[in-house]
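Chemist: Next comes the sequence, and after it the predicted model I'd like to discuss.
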Protein chains: 2
Amino acid sequence: MAAGETRAQIVEVADRLFYERGYEHTSFADIAAEVQISRGNFYYHFRTKDEILDAVIRRRLENTQAMLDGWEDERAGPGDRITSFIQILIVNQAKIMAFGCPVGTLTSELAKLGLPSQAGATGIFSLFRHWLARQFALLGHGAEAADRLAMHLLARSQGVATLASAFHDKAFVEAEVQDMCAWLDAQAPDPIRLQ
Amino acid sequence: MAAGETRAQIVEVADRLFYERGYEHTSFADIAAEVQISRGNFYYHFRTKDEILDAVIRRRLENTQAMLDGWEDERAGPGDRITSFIQILIVNQAKIMAFGCPVGTLTSELAKLGLPSQAGATGIFSLFRHWLARQFALLGHGAEAADRLAMHLLARSQGVATLASAFHDKAFVEAEVQDMCAWLDAQAPDPIRLQ
DNA sequence: TGAAATCTGGGACGTTTGTCCTACAGATTC
DNA sequence: GAATCTGTAGGACAAACGTCCCAGATTTCA
């Protein structure tokens, strides 16, 4: 098999398992079994668990950045782009109700484990934060206000994800998404609303 | 030592360690070391890890109920009581910034582990949910609207806790708390506001 | 073609995990 | 005072963990 291919498969499976089972509760053997390689081969690509975690976080950073860039290309107005962010809760509803938000739950777990990779996981949050802040700035808000709005929206979506996985309540998620969209509509400071 | 005393100490330490390190990352040996008892003695009181988890969840249910009951006695109006709930984020700020919300992070972890105790952890959320809903009902909202408001506020505080532990941003927590209090002020449906 | 580099499989290591057993100390009861 | 019950200590167990080594298979390239 090609050089990077096995490695990429490992990272992809690890990414999924870390999300579904948690980092600590996922073992080398679990990942190797799903990729269908031996533990020895695994060790050739990743020598420690921290290395896999770093690779997974890097992968998530790249995927997140790509998703945000994609929205920036597809969606004409900043309001529509922010709406795309809010709609993640609908698009990924099934997974979120089962396992929570991938970013939030990983960050929480790493915070308790006290691993240095915690900073990387927070970095994924930062991508969303700064991207959202930029969109709010495009809506006409000053830098400080835009960041506050970004953090506010990020917090709300995190809260919805947490309660969604606790109560498995689809109607609650939909109501909150609608509420966030309505809130967004009210955040255009100038009379020219979302174009 | 008296019968229940050692047992109570075990549950108390386990409660703290499950919060600070996570359930999975806390071992029998960790708890026994902090209580300063032998693993053998530990086994006399709790035969499996699930038993400790159940005891910890029961303890949290009781403590939470006691806290809510206390607010019901101390605080005259439902608005003040809800404010007490929001203020948890300020009172427990240091711990929340370090380890997140005890309820939210435990629920997330158990959801990934697929343990049957997950229902118990969600029960702690339910205590807050129904207590908050009752307060909103006392403010004059119908049962359905009161529950929606309760879930909304619960979600917001969860989101703030998650981002607080990710970014360690004290100012953000304070701004969100202020915002939630302002939001609460606007939720009195009749002209007679919080008394 | 043959040597070198890359990739893979299978097993081994020391440690830690949850779980369990047994022996003993102190109190309680008859 | 003997017998019983309750609480404690310390060690033993198999399994799983992260980590590591090494002998081949495969590919690369001179």
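Modeler: Cool, the structure landed. Numbers count the residues shown, from 1 in each chain, chains lettered A, B, ... in the order given.

Chemist: A:Lys112: what's it in contact with?
Modeler: Contacts for A:Lys112 (Cβ atoms under 8 Å, 6 or more residues apart in numbering or on different chains) come out as B:20-22, B:25, B:99-100, B:105. In this view, the C-beta of every residue, glycine as well, is placed from N, C-alpha and C.

Chemist: I'd like those residues as TSV, with neighbour count and distance to DNA strand C appended.
Modeler: Formatted as TSV, the contacts of A:Lys112 follow (neighbours: other Cβ atoms under 10 Å in any protein chain shown; distance: Cβ to the nearest atom of the strand, whole Å):
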residue	neighbour count	distance to DNA strand C
B:Glu20	16	14
B:Arg21	17	10
B:Gly22	22	11
B:His25	19	8
B:Phe99	20	19
B:Gly100	27	21
B:Thr105	28	18
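
Chemist: And the residues you listed, which is closest to DNA strand D?
Modeler: B:His25 (11.6 Å; Cβ to the nearest atom of the strand).

Chemist: OK, contacts around the closest one?
Modeler: So B:His25 contacts A:24, A:112-113 (Cβ under 8 Å, 6+ apart).

Chemist: picking that back up, pick out the most distant pair among the contacts of A:Lys112.
Modeler: Within the contacts of A:Lys112, B:His25 and B:Gly100 form the most distant pair, 14.0 Å apart (Cβ to Cβ).

Chemist: Keep only those of the contacts of A:Lys112 that are in helices.
Modeler: B:20-21, B:99, B:105 (DSSP state H).

Chemist: got a list of contacts for stretch A:183-190?
Modeler: A:79, A:82-83, A:86, A:136, A:139-141, A:149, A:153, A:193-194.

Chemist: Among these, name the buried ones.
Modeler: A:79, A:82-83, A:86, A:136, A:139, A:141, A:149, A:153, A:194 (16 or more other Cβ atoms under 10 Å in any protein chain shown).

Chemist: Would you map the helices across chain A?
Modeler: Under DSSP H, chain A gives helices at A:3-21, A:28-35, A:39-45, A:49-74, A:78-91, A:93-99, A:102-113, A:118-138, A:143-167, A:170-185.

Chemist: Can you list the helices and strands that the second one packs against?
Modeler: In terms of contacts (3 or more Cβ pairs under 8 Å, 6 or more residues apart in numbering or on different chains; DSSP states H and E), helix A:28-35 is packed against helix A:3-21, helix A:39-45.

Chemist: Now render these as a markdown table, adding mean pLDDT.
Modeler: Converted to a markdown table, those look like this (pLDDT from 0 to 100):
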| stretch | mean pLDDT |
| --- | --- |
| helix A:3-21 | 94 |
| helix A:39-45 | 94 |
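
Chemist: Contact residues of chain A facing DNA strand D?
Modeler: Residues of chain A found near DNA strand D, taking Cβ under 7 Å from any atom of the strand as the criterion, are A:26-30, A:39-40, A:42-44, A:47-50.

Chemist: Mind giving me the PyMOL command for buried ones among these?
Modeler: Applying 16+ other Cβ under 10 Å to the residues of chain A next to DNA strand D leaves a buried subset, and the PyMOL line that selects it is:
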select buried, chain A and resi 26+42+49
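
Chemist: of the residues of chain A next to DNA strand D, list those near DNA strand C.
Modeler: A:39-40, A:43-44.

Chemist: what about the closest residue in space to A:Arg129 that isn't next to it in sequence, neighbour count?
Modeler: Nearest non-adjacent residue to A:Arg129, counting by Cβ to Cβ, 6 or more residues apart in numbering or on different chains: A:Ala150, 5.2 Å away. Residues near A:Ala150, counting by other Cβ atoms under 10 Å in any protein chain shown, number 23.

Chemist: Name all residues that make contact with A:Ala150.
Modeler: So A:Ala150 contacts A:128-130, A:132-133, A:135-136 (Cβ under 8 Å, 6+ apart).

Chemist: Just the buried residues out of those residues, in PyMOL syntax.
Modeler: Paste this into PyMOL to select the buried members of these, with burial taken from 16+ other Cβ under 10 Å:
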select buried, chain A and resi 128+129+132+133+135+136
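
Chemist: Tell me if I'm right that A:Thr83 and A:Val177 touch.
Modeler: No: judged on Cβ atoms under 8 Å, A:Thr83 makes no contact with A:Val177 at a distance of 9.5 Å.
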